[in-house]
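Undergrad: when you get a sec, could you give me coordinates for this:
(one chain, ligands or ions: 2)
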Amino acid sequence: MKVRATGRTVDGRGAAPAAARKFARPAIALTLAAAALLLPFTVATQVLRSAPKPIKPDEVYMQPVPGLTHQQLQKFKAGEKQFRAPWVVFPLLGGEWGLGPTFLASSCVGCHVQGGRGRTSDTPGTIVFEQLLRLSVPGEGPDGGPMPHPTYGDQLQVFGVNVGLKENLKPGEAELYIDWIAHSVTLGDGTVVELRKPAVRIEKPNFGPIDEKVMTSLRNTQVVFGMGYLEAVSEQDILKLAELQKSQGLNGRPNYVRDDINQRTTLGRFGWKANQPSIRQQIVAAFHGDMGVTSSLYIEENCPPVQAACRAMPPGNRPELLDYAWDDLTFWSVALDAPPPRNQDSPVVKRGEQLFEAAKCAQCHVPELKTGSFPLLPQLSDKRFRAYTDLLLHDMGEGLADGRPDFKAGPRDWRTAPLWGIGVSKQVNGSVNLLHDGRARSVAEAILWHGGEAQRSRDAFAAMSREERDALVEFVNSL
Ligand code: HEC
Ligand code: HEC
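TA: Ligands and ions are numbered 1, 2, ... in the order given. This next block holds a predicted model:
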């Protein structure tokens, strides 16, 4: 029996659907005549039941890992509901109570459209959404993280609910715009490529000027699939990779960040600078920071001291996110599979893979990792998977620097972005925006921004013939 190959595990095997198992049993009780009568029906049903349900092109990032039990599948569905759920301000109808008082979006899916990455605001004069602006001032916060801005906190909230209890998009903390600054680079064969870099513009600050000293970091929305695999890699394996890279002349390092759940410092895995230690924490940090929703971990509303109206707003609940919903969303996040690779047998893709190796991309974008024991979803334990990351931070040079440290991540450091599923990003939600701030509009542009530890890979790419560059890009887009 053929099982639909949706899994990313190299040794992944899905369980045969119950319906298929049922039809494998001999139907002894039937008389010959009845059997003959029923035959066409049975065959037709069997074909219908065992044919894989086609996955819509925009839903390839929203599939569960294969082999979930019935009960796990129920939890997965409940978690997906939380991911899609709209939040509103108390006592409006039409969503969960607890949005704001300041916020960026009213649901997870509002930024992570169909589980995918964000799109940049390319029309001049449009307020940025699906991206966020981290803020801090020089110095270290109490837990070793960035020092929040005294009046605007650690993230700019562009929307706010108004006190008249009528949901309103104004006033937020300020308006955020991006101006794109273009420049051209010439490749070895004379091809000219235009690159662009964002300049952030904050306007109409509502709580006083945002001074010169403030450090900002524009972050594009990341994909959310495959998180379980990334979380299940053992810390020891990540440290071994860092060790191995030293002998290759690289300097991959883990971030060490605040684990608020276990009240300790621990290895960071999630976010562009690996500043979140676990999916569980990532979720409530997003609720708090992006939607203004409190939880049993972050009980206080996200209102810096000077924002009096924000502080005076009645909460939607105490806390606004209930623990069962947090649990469901955590389960959904770790059980969300990556889309399967495509066109792996194409000669061009195979050639591209060789070039990927030759240009030493694979030293950071490590093709295969393995998971350790993972009690949260035992099906993911001891599996090999191909995400093309090392979960380590690398100095990526001045061109990509945001100038803003984040725990142990320096101003030029970024976590190696996983490359799986990148080629279907456009069909998922139209986004072709890559890199931490979405500046790259194609895989080729993303590579050409690589500097620092990745300079030699970038230069190898820039020196290739057009045919070689195309093959390398096609390989990346097949992952
Ligand atoms: C305002 C838009 C926005 C909203 C709303 C939002 N996110 Fe995100 N999400 C982001 C951005 C931007 C990042 C990268 C953050 C960073 O690196 O600083 C991110 C990162 C993540 C990651 C880490 C991905 C990785 O590869 O490490 C997960 C998981 C995630 N978000 C889940 C959620 C969930 C669940 C919700 C709802 C509770 C949510 N997000 C709401 C924008 C958003
Ligand atoms: C020294 C480590 C390193 C090497 C070598 C390297 N990369 Fe990267 N790559 C990164 C990091 C770190 C990022 C994230 C940078 C950012 O967001 O600013 C990244 C991002 C990317 C992205 C964008 C992914 C996304 O979702 O936004 C692509 C595509 C990519 N790399 C491809 C390649 C290719 C192809 C090569 C070889 C030519 C290569 N990289 C070599 C570390 C590396």
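
Undergrad: ligand 1 contacts on the stretch 151-300 of the chain?
TA: 219-222, 224, 227, 270-272, 279, 282-283, 286-287, 290-291 (Cβ under 6 Å from any ligand atom). C-beta: built from backbone N, CA, C; applies to glycine.

Undergrad: same deal with the stretch 1-150 of the chain?
TA: Checking the stretch 1-150 of the chain against ligand 1 by Cβ under 6 Å from any ligand atom, the hits are Phe83, Leu104, Ala105, Cys108, Gly110, Cys111, His112, Glu130, Gln131, Leu132, Arg134.

Undergrad: would you turn those residues into TSV with pLDDT?
TA: Compiled in TSV, those are given as follows (pLDDT from 0 to 100):
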residue	pLDDT
Phe83	98
Leu104	94
Ala105	94
Cys108	98
Gly110	96
Cys111	97
His112	98
Glu130	89
Gln131	95
Leu132	96
Arg134	98
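
Undergrad: next, count neighbours for Pro205.
TA: 14 (other Cβ atoms under 10 Å).

Undergrad: cool, and Pro347?
TA: 8.

Undergrad: the residues of the stretch 1-150 of the chain next to ligand 1 also near ligand 2: which ones?
TA: Counting by Cβ under 6 Å from any ligand atom, no member of those is near ligand 2.

Undergrad: residue numbers of this structure in contact with ligand 2?
TA: So the chain meets ligand 2 at 250, 272, 356, 359-361, 363-365, 394, 396, 400, 414, 416-417, 419, 422, 434-436, 443, 446-447, 450, 453-454, 457, 461, 476 (Cβ under 6 Å from any ligand atom).

Undergrad: what do you get if the cut-off is 5 Å, keeping everything else the same?
TA: 359, 361, 364, 394, 400, 414, 416-417, 434-436, 443, 446-447, 453-454, 457, 461 (Cβ under 5 Å from any ligand atom).

Undergrad: Pro138: which element?
TA: Assigned by DSSP states H and E, Pro138 falls within strand 131-140.

Undergrad: can you map out the helices along the stretch 101-250 of the chain?
TA: Assigned by DSSP state H, counting those that start in this stretch, the stretch 101-250 of the chain shows helices spanning 108-111, 227-232, 235-246.

Undergrad: residues making contact with the first one?
TA: To tie it back to what came earlier, the one meant is helix 108-111. 82-84, 104-105, 115, 118, 129-130, 221, 224, 286, 290-291, 329 (Cβ atoms under 8 Å, 6 or more residues apart in numbering).

Undergrad: mind doing that once more with 7 Å?
TA: Phe83, Arg84, Ala105, Gly118, Glu130, Thr221, Ala286, Asp290 (Cβ atoms under 7 Å, 6 or more residues apart in numbering).

Undergrad: can you name the two of those that sit furthest apart?
TA: Greatest spatial distance among the contacts of helix 108-111 (Cβ to Cβ): Arg84 and Gly118, at 16.6 Å.

Undergrad: between the two, tell me which one has more neighbours.
TA: Gly118 (23 against 12).

Undergrad: burial of the closest residue to Arg412 other than its chain neighbours, as a residue count?
TA: Excluding the flanking residues, the one nearest Arg412 by Cβ to Cβ, 6 or more residues apart in numbering is Ala401, at 4.2 Å. Using other Cβ under 10 Å, Ala401 is surrounded by 17 other residues.

Undergrad: ok, now Ile127?
TA: 14.

Undergrad: any chance you could read off phi and psi for it?
TA: The phi/psi pair for Ile127 (degrees, to the nearest 10) reads phi -70, psi 140.

Undergrad: against ligand 2, how distant is Gly423?
TA: From Gly423 over to ligand 2 the distance is 10 Å, taken as Cβ to the nearest ligand atom, to the nearest Å.

Undergrad: is that residue in contact with Ser478, as I believe?
TA: Yes - the pair Gly423 / Ser478 is scored as a contact, 5.9 Å apart, by Cβ atoms under 7 Å.

Undergrad: coming back round to it: any chance of a markdown table for the helices of the stretch 101-250 of the chain, columns distance to Ala387 and mean neighbour count?
TA: Listed next are those as a markdown table, based on distance: least, Cβ to Cβ, whole Å; neighbours: other Cβ atoms under 10 Å:
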| stretch | distance to Ala387 | mean neighbour count |
| --- | --- | --- |
| helix 108-111 | 21 | 21 |
| helix 227-232 | 6 | 23 |
| helix 235-246 | 13 | 14 |
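
Undergrad: those helices: which one's closest to Cys310?
TA: Across the helices of the stretch 101-250 of the chain, closest to Cys310 is helix 108-111 (Cβ to Cβ), at 20.4 Å.

Undergrad: can I assume Val334 is in contact with Pro378?
TA: No - contact criterion Cβ under 7 Å: Val334 and Pro378 do not qualify, at 11.2 Å.

Undergrad: what about the two, which has more around it?
TA: Set side by side, Val334 and Pro378 show more neighbours around Val334, with 23 against 10, by other Cβ under 10 Å.

Undergrad: residues in contact with that one?
TA: Val334 neighbours (Cβ under 7 Å, 6+ apart): Met227, Gly228, Glu231, Ile279, Leu376, Leu377.
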